[in-house]
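# Okay, here's the prediction I keep looking at, along with the sequence it came from:
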Amino acid sequence: MKRMTLWVILAVGLAGCGGGDDADANKPGGKKGETPTTGPVRRADGKVREPAVAGLWYPNDGQGLARTVNMLLSATAAGVPGKVRAMICPHAGYRFSGLTAAVAYKQLMGQDVRTVIVLAPSHTATFPGASIPEVQAYRTPLGLIRMAPLAATLAKVKPFTTAPKVKANRPLWWKQSSKKAPAAGQETPHTWEHSLEVQLPFLQWTLGNFQLLPVVYGEVDPAVVADILSNQIDDSTVVIASSDLSHDNAYDAAKSLDAWCVKAARELDIKAMRAQSACGKGPILTVMHLAKEKGWKPTVLDYRNSGDVPGGNKKSVVGYMAVVFMEEGAVKSQPLTDAEKKSLLSLARKAITAAVKKQPLPRIDRASVSPNLLKPKGCFVTLNSKEGKLRGCIGYTLAVKPLVVAAMEMAVNAAVKDRRFKPITAEELKDIQIDISVLTVPRPIYFNTPSDLLKGLKPNVDGVTLEVPVVVRGRRGRAKAVYLPSVWKEIPEPEKFMDKLSQKAGLEANAWRQPQAIIRTFQVEEFQETKE
């Protein structure tokens, strides 16, 4: 089965309607062509938290780790009915808890997440407060993850701290770690902590470009942390509580004990959760407090323990659960009304006219704009000449900006920045027809064989995005391409459709068949200007 992968964006193929550009490379968080593994963070000398358990809890080489995470995600299913706002994930070695973690992380695929807050318990130090490290990035074998600006802000607010008074308890396995031990007195709660680190490769794989706020819990009130975080969480933030369940019980006894913990999470029973033995009970309680305040609904996706692993020792096991907390209906959107469509087309027309005539772009009076147009959505704008020939097509596949902003920006880009065409002239304006496509969130499509994929595609309904790992000047990157559903009219056969999509990305026609290829489908609401 196939899934999503993380690669540094070095090569971006043409992507759009018949070959238009995909503007997602300009997402917040980096210059065009940058992800957290490129750019300034690469020069963070001495300010990178190096991996401590790579090679112990999970593979220590990028390719091996990629294969492992890929396999785990491919064995699970996506499909929760709302937008994921928080999760509870286990933190044991991937052999034991990887499948349970993968069930939760699978739900993040295709969602617009830019900041991830990971709340983790401390296994190697005791200290007061909640620790945020003084680093610029975290590293895993899959690359660097940039710290969120929020980290520096919260570090100044009690009970958060950057330099707690630590009583270190260096783990028994530290000599096996590839991480160099710091000088005496320089160890922090993050130095050897595995409960936070093991979450990161899953996040890199499923999200790609995001920023991290890592928090390790000492002696701290979970409700206080929740109260502070509540005012810092926006619609593109996800909170993760890292926790295993009961430890060192026989198989049947563990299942009985863990059932109470699972029930407490499912029912948002904070009192009952306080009585549980989960090692990450503090982070879990913080997430539960947030869920109660914000109305997030919990769904338990998986439970198992280490005795369920083939050959696992059932005499002494550790329990794991995966829970997601959702904003019900958040990923569902109402179709645009005729008035909203007309408004969007009018604003796109004004923006193009201003750009072509080198005038200031029209300002958006948000008070007069429909709330539906202020929601972040993926959007492509296609421009055709009076003869019906393509004159530009550029867009966002993900919900990066409010729809009204995205439509105006993409209209301007399609008019004057599509690299395949000369900029539209003032003389052409009256004859240009504007077509806007509003996208659903692209969802990964999973298949065992290429023929299964072809059978699963819906001609004239599905748009398709393709990403394939490539090597550019000795560095890993990914070639990208997008076809809107309208392209099926020109290429009605699924196999040729995918072949052409691969070639559009600058690759061989059969590149989409590669095991590491990432394929997603989406649908569109399309509308265009009509002749008065």
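Okay, I see it. Numbers count the residues shown, from 1 in each chain.

# ends of stretch 124-135, how far apart?
19 Å (CA to CA, to the nearest Å).

# what comes up buried for that stretch?
Of the residues in stretch 124-135, 124-125, 127, 129-133, 135 count as buried by neighbour count, 16 or more other CB atoms under 10 Å. All C-beta atoms are positioned from the backbone trio N, CA, C, and that covers glycine.

# What about those, which are in strands?
In strands, judged by DSSP state E, the following of the buried residues of stretch 124-135 are found: 125, 130-131.

# could you point out which element follows the longest strand seen in the chain?
Using DSSP E, we find that the single longest strand of the chain is strand 317-328. Sequence-wise, the next helix or strand downstream of strand 317-328 (DSSP states H and E) is helix 338-356.

# Grab the most central residue of the chain for me.
By CA atoms, centre = their mean, the mean C-alpha position of the chain lies nearest to residue 207, the distance being 2.6 Å.

# picking up where we left off before, partner strands of the longest strand of the chain, with direction?
strand 82-89 (antiparallel), strand 247-249 (antiparallel), strand 297-305 (antiparallel) (DSSP bridges).

# Can you give the contact residues for the first one?
I take that to be strand 82-89. 100-101, 104-105, 107-108, 111, 199, 202, 233, 237-243, 265, 280, 284, 287, 290-291, 294, 296-297, 321-332 (CB atoms under 8 Å, 6 or more residues apart in numbering).

# domains of this structure?
The chain is divided into the following domains under automatic domain parsing: 1-35+334-532, 55-328.

# Comparing those domains by mean pLDDT, which bottoms out?
Mean pLDDT is lowest for domain 1-35+334-532 out of the domains of the chain, coming in at a mean of 80.

# quick one: it to chain centroid distance?
In terms of CA atoms, centre = their mean, to the nearest Å, the centre of domain 1-35+334-532 is set 19 Å apart from its chain centre.

# separation between residue 388 and residue 439?
Distance, residue 388 to residue 439, by CB to CB, to the nearest Å: 23 Å.

# now do residue 254
Distance from residue 254 to residue 439, by CB to CB: 45 Å.

# and those two? which has more neighbours close in?
Each of residue 254 and residue 439 has its neighbours counted (other CB atoms under 10 Å); residue 439 has more, 26 against 22.

# tell me the contacts of the more buried one?
377-380, 395-397, 463, 522-524.

# and what of residue 76?
Contacts of residue 76 by CB under 8 Å, 6+ apart are 99, 102-103, 106.

# on that earlier part again, okay, the domains of the chain in a markdown table with distance to residue 49 next?
Formatted as a markdown table, the domains of the chain follow (distance: least, CB to CB, whole Å):
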| stretch | distance to residue 49 |
| --- | --- |
| domain 1-35+334-532 | 18 |
| domain 55-328 | 5 |
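
# which SS state does the residue nearest to residue 292 when sequence neighbours are not counted fall under?
Leaving out its chain neighbours, the residue that sits closest to residue 292 by CB to CB, 6 or more residues apart in numbering is residue 268, at 5.8 Å. Following DSSP: H, G, I helix; E, B strand; the rest coil, residue 268 is assigned to coil.

# Look up how far residue 352 lies from residue 268.
49 Å.

# So between the two, which is more surrounded?
Using other CB under 10 Å, the more surrounded residue of residue 268 and residue 352 is residue 352, with 25 against 17.

# who touches that one in this structure?
383, 411-412, 415, 424, 429, 432, 434.

# Quick one, which of those are buried?
Using 16+ other CB under 10 Å, the buried members of these are 383, 411-412, 415, 424, 432, 434.

# Where helices are concerned, which of those count?
Counting by DSSP state H, the buried ones among the contacts of residue 352 place 411-412, 415 in helices.

# can I get the residues you listed in TSV with distance to residue 493?
Converted to TSV, these look like this (distance: CB to CB, whole Å):
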residue	distance to residue 493
411	32
412	35
415	32
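
# so what's residue 273 up against?
Here residue 273 is in contact with 261, 264-265, 281, 284-285, 288 (criterion: CB under 8 Å, 6+ apart).

# so which of the residues you listed would you say is closest to residue 225?
Residue 225 has its nearest neighbour among these in residue 285, at 8.9 Å by CB to CB.

# With adjacent residues omitted, what lies nearest to residue 312?
Closest to residue 312 by CB to CB, 6+ apart is residue 306, at 5.2 Å.

# distance of that neighbour from residue 99?
Applying CB to CB to residue 306 and residue 99 gives a distance of 11 Å.

# One more: residue 82?
Between residue 82 and residue 99 the computed distance is 23 Å (CB to CB).

# and the two? which has more neighbours close in?
Taking other CB under 10 Å, residue 82 and residue 99 do not tie; residue 99 has more neighbours (21 against 18).

# starting at the chain centroid, how far to whichever strand or helix holds the more buried one?
Using DSSP H and E, residue 99 sits in helix 94-106. Distance of helix 94-106 from its chain centroid, counting by CA atoms, centre = their mean, is 16 Å.

# With stretch 225-235 instead?
19 Å.

# before we move on, back to that, who's in contact with the helix holding residue 99?
57-58, 68-69, 72-73, 75-78, 87-91, 198-199, 202-203, 205-206, 244, 301-304, 306, 309, 312, 318, 320-324.

# follow-up on the earlier one: now list the buried members of the contacts of strand 82-89.
100-101, 104-105, 107-108, 111, 199, 202, 233, 237-243, 265, 280, 284, 287, 290-291, 296, 321-327, 330-331.

# What lies in contact with the helix or strand containing residue 525?
Per DSSP H and E, residue 525 falls inside strand 524-528. Outside strand 524-528, the residues that touch it by CB under 8 Å, 6+ apart are 335-336, 341, 345, 380, 433-440, 463, 484-486.

# Mind listing the strands that strand pairs with, and their directions?
strand 433-439 (antiparallel).

# Report the angle between the partner strand and helix 338-356.
120 degrees (axes from the mean of the first three to the mean of the last three CA atoms, to 10 degrees).

# in a strand, that's where residue 245 is, yeah?
No - counting by three-state DSSP, residue 245 falls outside a strand, being coil.

# got a list of what it touches?
Residue 245 sits next to 90, 254, 257-258, 261-262, 276-278, 305, 318-321 when contact means CB under 8 Å, 6+ apart.

# Show me which of these is closest to residue 179.
Of the contacts of residue 245, the one sitting nearest to residue 179 (CB to CB) turns out to be residue 90, at 21.9 Å.

# residue ranges of the helices in the stretch 401-532 of the chain, please?
403-416, 450-456, 494-504 (DSSP state H, counting those that start in this stretch).
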